[in-house]
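Engineer: Okay, predicted coordinates and the sequence, questions at the end:
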Amino acid sequence: MSGGISRRQALLGILGFGGTVAGTLAPAAAAEEHPAHPVAPPDAVSMLYDSTICTGCKACMVACSEANGLPPDTSLSGGLWQMPEGLNAKTKNIIELYKEPNGPEFAYVKRQCMHCLDPACVTGCPFGALKKNQWGAVTWESSLCIGCRYCEVACPFEVPKFEWDKWNPKIVKCEFCFDQRLLEHMEPACTAVCPTGSVIFGKRTDLLAKAKERIAASPDKYFEKRVYGEHEAGGTQVLYLSSVAFEKIGLPKLGSTSLGHYGTKVTSVIYKWLSGPIIVAGILGAVIKRNWNRHEAERPEREKKSGFPDQL
Amino acid sequence: MTSLDRTGTNLINHWQRGVPVYRASVITPTFLFCGALVAIGCALAAVRLFSPLGPFSGMNDAYAWGIWKTFNVMTLTALGSGPLALGIAAWVFDRQKLHVVMRTALVSGFLLYATGLIALGFDVGRPWNFWNALLPWRWNAESAMLEICICMPIYVAIFLSFEILPLFLERLYYTGSDATRVSLRKVAPLLRRIYPFMIIGAYVIPLMHQSSLGGLLLLAGDKIHPLWQTPFLPLLYLLAAGLCGIGFVTFLLLIACLRYSRALDIGVLDELGKLLCAACFFFLAVRAGDLIWRGQVHAAFALDRMSLIFLVETGLILVPGVALLFKVVRVTPRSLLKVATLACLGGMYYRFVPTTVAFHPERQRGYFPTPPELLMAAGYIALAFLGFGLAVKFFAVLPGDTHGWNNKFRSLRLPRWANRHEGNPLPGAEGETA
């Protein structure tokens, strides 16, 4: 029985019809829903972005907008060309430039959803609008989203964006071109169009091996000789190689424990099998019943003494 | 029964049951001011129905939660946790003296929760999808947000509503016809039969969602400053709710009795003071234990910006805690009011800081609420204030002297005076002047 199902049981139990519904749901549960260090399933797809190869041509940005039907964000360029300030409600994918303030160091970085192995946004989403879909793509379903924006608060990479200026706002984020291309057995638009091969598409296991090969071939080229995304926040399906420090190009320094594990490890125990609320209700109930009965037994005497009916 | 204390005020044992405020007018300058704020809030809410959240509020992608969530819900429902904290003290720990102040706690709690839920309704971007809450198989059971979405409305709509039902029935009983009285006499035993079961739910449910409010912030991870980000957030949020709940009911009782010139009950106030003292130290003990356990004590005393914010927060809770150890503070209304205010501020401060001041997204972008956002937040508070003012006048909410009241209620048709032509209810009513 997993922590996830057990909280469902807890809530339903409080409503009084927990047993039946939770009983039917129980077999669906896996061993542990949020291990501290999740393991990627064998079919997990991935992107490997090598910042040392990228020339900053931004072909991927245009391809992304085209594939996802997004309008170009031209606000900074006076309406001339696509020029977003960062990821936003019109931009699911962006190439950013890092330049050392007083030095020659510079690097491009591609930003989009990291498709975490255990995404915090999916753990937090109340009605499962965001979910870990087939091949591990994190996708958003409009009919389930109430617009609470917990995903924006939870995401350590600050990827999900909200359409603040729309009356019927959507959560906008890279979905690995899931509906548009993955389901049609095509790779995502950005990797398909990249002319230099700085971002490539493949199975996560293959790309991780490839990234490590590149590091082994020229160890001095890569920052910390490691792949960003292998362990960050429990591991992500987008992997990065860079010659510049990851923090400098906007990839936050994160621990290797998944946020889903951190956020649910205590509650999953408390709510397991509905035990916490049931035990608390049982203890409270026993004591309340005793105190209530005494209170009621003393009521006639109290009412006689005070001369007014007892108030609840 | 009544005796004089040092300051010459009648203080002893005056709170025997809920008594409506009889003589104060309903239409006062405060009433009009709050009414105006509510009207402005409603007008802006009407605009919000057709306006996107974007330019209307100051929220942005970095600070996706504005004051409607972080203040009206996260902070003010802590103040509204009086029914939880005092209810547990009264019914579980058998502090019988507290039964008389439960109605004040319940009404204020109901109003703060209800206005918080309204705030939430206008805050979410896609409220029409909320009907998914009715389909349990769509629930993401592990989400703390789900628990709040489900638990809070249930708590307000079922449990708090049930607990304040006696107020309405009592009024109906004394103002209604004989037929009404006969049927209400039949309802009363039924109510008493299910009451103990309902209050179990009324304590278990808020224990769950008040801790889940802290649980929400766990997923924000490193965005929240290490002085506040801890696996103990759910417990600390719950303890802060208890602290605020007790503190706010004490504050409210003192303010309301002062406003309506009601005699106080030093026995009950002493009891509330003791509970508040315990709540302060319990909170501080867990907070300190957590900082030591996580090795963050150095950050607490680094004397940088966040450390100072932490020290102010701790001071706001520590000072009332220490002061309330002394009986003279607990039994002096003036000092009790001061320390209860400090404790409330401390608890609110703790509930507000992690989502705002200590919330540091990687891509810093400022957030400050826009005027419509602030006015709507003020409107929710004014609505609760207005509701409380009306409740104490039309229902037997505020505790008072038994002999000051002969079960007469202010008429709904005569808003200024209740039964003016019949004269004052009873001469014993302690001067409730306008």
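Structural biologist: In hand now; what should we look at?

Engineer: so what's residue B:390 up against?
Structural biologist: Shown in contact with residue B:390 (C-beta atoms under 8 Å, 6 or more residues apart in numbering or on different chains): residue B:26. Just so you know, the C-beta spots here come from the backbone N, C-alpha and C atoms, and that holds for glycine as well.

Engineer: part of a helix, is it?
Structural biologist: Yes. Assessed with DSSP: H, G, I helix; E, B strand; the rest coil, residue B:390 lies in a helix.

Engineer: Quick check: the gap between it and residue A:202.
Structural biologist: With the distance defined as C-beta to C-beta, to the nearest Å, residue B:390 ends up 67 Å from residue A:202.

Engineer: Same question for residue A:75.
Structural biologist: From residue A:75 over to residue A:202 (counting by C-beta to C-beta), the distance is 35 Å.

Engineer: Pick out the residue of the stretch 51-200 of chain A closest to chain B.
Structural biologist: Proximity of the stretch 51-200 of chain A to chain B (C-beta to the nearest C-beta) peaks at residue A:147, 2.4 Å away.

Engineer: so what's that residue up against?
Structural biologist: A:162, A:169, A:171, B:124, B:125, B:126, B:127, B:129.

Engineer: hmm, try it at 6 Å
Structural biologist: With contact taken as C-beta atoms under 6 Å, 6 or more residues apart in numbering or on different chains, residue A:147 is in contact with A:169, B:124, B:125, B:126.

Engineer: Please pull out the lowest mean pLDDT helix or strand from chain A.
Structural biologist: helix A:18-25 (a mean of 40; mean pLDDT, DSSP states H and E).

Engineer: Following element in sequence after that helix, please.
Structural biologist: strand A:45-50 (DSSP states H and E).

Engineer: Leaving out the residues flanking it, which one is nearest to the residue of the stretch 51-200 of chain A closest to chain B?
Structural biologist: Distance criterion C-beta to C-beta, 6 or more residues apart in numbering or on different chains; nearest residue to residue A:147, sequence neighbours excluded, is residue B:125 at 2.4 Å.

Engineer: Same check on residue B:210?
Structural biologist: Nearest one to residue B:210, counting by C-beta to C-beta, 6+ apart, is residue B:241 at 4.3 Å.

Engineer: Give the helix, strand or coil label for the one you found.
Structural biologist: helix.

Engineer: now it: how far from chain A?
Structural biologist: Distance, residue B:241 to chain A, using C-beta to the nearest C-beta, to the nearest Å: 15 Å.

Engineer: mind pulling up the phi and psi values for residue B:346?
Structural biologist: phi -60, psi -50 (degrees, to the nearest 10).

Engineer: Residue B:301 - nearest residue in space that isn't next to it in sequence?
Structural biologist: Distance criterion C-beta to C-beta, 6+ apart; nearest residue to residue B:301, sequence neighbours excluded, is residue B:307 at 6.3 Å.

Engineer: Which strands and helices lie in contact with whatever helix or strand the one you found lives in?
Structural biologist: In this structure, residue B:307 sits in helix B:305-323 according to DSSP H and E. Helices and strands touching helix B:305-323, as assessed by 3 or more C-beta pairs under 6 Å, 6 or more residues apart in numbering or on different chains; DSSP states H and E, comprise helix B:266-293, helix B:333-352.

Engineer: Any idea which of these gets closest to chain A?
Structural biologist: Among the helices and strands packed on helix B:305-323, helix B:266-293 sits nearest to chain A (C-beta to the nearest C-beta), with 12.8 Å.

Engineer: Is that closest one in proximity to chain A?
Structural biologist: No. Helix B:266-293 lies out of reach of chain A by C-beta under 6 Å from any C-beta of the partner chain, never closer than 12.8 Å.

Engineer: Can you pull the residues of chain B lying near chain A?
Structural biologist: For chain B, the contact set with chain A under C-beta under 6 Å from any C-beta comprises B:17-18, B:52-54, B:61, B:64, B:91-92, B:94, B:124-126, B:129-130, B:132, B:138-143, B:145-146, B:149-150, B:166, B:196, B:200, B:203-204, B:218-221, B:231, B:361-363, B:402.

Engineer: For chain B, which helix extends over the most residues?
Structural biologist: Ranked by number of residues, the top helix in chain B under DSSP state H is helix B:178-216.

Engineer: Check which helices and strands it sits against.
Structural biologist: Other elements packing on helix B:178-216 under the criterion 3+ C-beta pairs under 6 Å, 6+ apart are helix A:275-297, helix B:144-154, helix B:161-175, helix B:233-259.

Engineer: Output those helices in a markdown table, with mean pLDDT, distance to residue B:334 and mean neighbour count appended to each entry.
Structural biologist: Shown next, in a markdown table, are the helices and strands packed on helix B:178-216 (pLDDT from 0 to 100; distance: least, C-beta to C-beta, whole Å; neighbours: other C-beta atoms under 10 Å in any protein chain shown):
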| stretch | mean pLDDT | distance to residue B:334 | mean neighbour count |
| --- | --- | --- | --- |
| helix A:275-297 | 94 | 33 | 16 |
| helix B:144-154 | 94 | 36 | 23 |
| helix B:161-175 | 94 | 30 | 18 |
| helix B:233-259 | 96 | 9 | 25 |
